[in-house]
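Q: Coordinates only, no sequence provided:
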């Protein structure tokens, strides 16, 4: 059995670790709450954009738009994927699950991967995927970053450098369940801009034209979907980290209890040994 000094040092070390894990849990909880609040505030705006796009397509159904171009006749069509992971670990199975999901979904031979997060970036580079970087000054979960990504991806789609674009991210489906998901960003699907019941519309004039108005709204629409996925991934990451740190804190508390018991036993054994030596010494006098 270790001596009392060694056990005291171990107890001190575990307690210091417990302080760190507890602080990380609280930080993740705060970030999670703020991200949810941001999403709830911006969601009505992006839903209104989608409604406006539906209104335009209902009024001008024959409008030709590049955003609905499926390019079925094109050979060697390029699929692109934006994959969201965390920059660091301590997130339980969060990074492992999104990496596995991306690996199963992405065709290595004819795809381009735009990774966001060091974990997925390093994995894709190590395993020979065609990785390209999105040009960003810095990555933060906000509408500005989502807008920068949307502009770059739409430009690549219009130029024919990519033919399909998907976002792979993690969604918190319930308080205890995180699930990797994908959502198609480009090309747009007509079915996503149809109502179950047709509305009676008043006449509207579009300036300068319905096509230009729709073009502006499409940028905002793709930005909105991206932002929603980014927020979901950020919430999932912090929820996973919060749970991991909670488990680590609980384990630290159990370890301290066990070490304290060992310390008391070692201390008692030392006292007993000292008493035995005193009695033996007195008996020899």
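A: Received, thanks. Because the structure is predicted, anything quoted here is derived from the model rather than measured. Numbering: from 1, shown residues only.
Q: hey, where'd the strands end up in the stretch 1-150 of the chain?
A: 79-84, 111-116 (DSSP state E, counting those that start in this stretch).
Q: so what's the closest residue to residue 227 other than its chain neighbours up against?
A: Closest residue to residue 227 apart from its sequence neighbours, by CB to CB, 6 or more residues apart in numbering: residue 146 at 3.8 Å. C-beta coordinates here come from the backbone N, C-alpha and C atoms, glycine included. Counting by CB atoms under 8 Å, 6 or more residues apart in numbering, residue 146 touches 223, 224, 226, 227, 230.
Q: just for this protein, where's the confidence low?
A: For the chain, residues meeting the criterion pLDDT under 70 lie at 1-2, 175, 196-206, 281-285.
Q: Closest to the centroid, which residue in it?
A: residue 233 (2.5 Å; CA atoms, centre = their mean).
Q: Show me what the helix or strand harbouring that one is packed against.
A: Following DSSP states H and E, one finds residue 233 within helix 210-284. Counting contacts by 3 or more CB pairs under 8 Å, 6 or more residues apart in numbering; DSSP states H and E, helix 210-284 packs against helix 4-59, strand 79-84, helix 94-105, helix 143-158, strand 164-174, strand 177-186.
Q: With distance to residue 219 as extra columns, can I get those in TSV?
A: Conversion of those to TSV gives the following (distance: least, CB to CB, whole Å):
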stretch	distance to residue 219
helix 4-59	10
strand 79-84	16
helix 94-105	26
helix 143-158	6
strand 164-174	14
strand 177-186	11
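Q: Which one, of the ones you listed, ends up nearest to residue 120?
A: With CB to CB as the measure, strand 79-84 is the member of the helices and strands packed on helix 210-284 nearest residue 120 (4.9 Å).
Q: Show me what the closest one pairs with in its sheet, parallel or antiparallel.
A: If you go by DSSP bridges, strand 79-84 pairs up with strand 111-116 (parallel), strand 164-174 (parallel).
Q: For the longest one, buried residues please.
A: Read that as strand 164-174. By neighbour count on 16 or more other CB atoms under 10 Å, the buried set for strand 164-174 is 164, 165, 166, 167, 168, 169, 170, 171, 172.
Q: Dump those residues to a markdown table, plus distance to residue 92.
A: Listed next are these as a markdown table, based on distance: CB to CB, whole Å:
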| residue | distance to residue 92 |
| --- | --- |
| 164 | 31 |
| 165 | 29 |
| 166 | 25 |
| 167 | 22 |
| 168 | 19 |
| 169 | 17 |
| 170 | 11 |
| 171 | 16 |
| 172 | 13 |
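Q: Which single one of those residues is nearest to residue 25?
A: Using CB to CB, residue 172 comes nearest to residue 25 of those, at 16.4 Å.
Q: picking up where we left off before, most tightly surrounded among the strands of the stretch 1-150 of the chain?
A: Each of the strands of the stretch 1-150 of the chain was scored by mean neighbour count; the highest is strand 79-84, a mean of 23, by mean count of other CB atoms under 10 Å.
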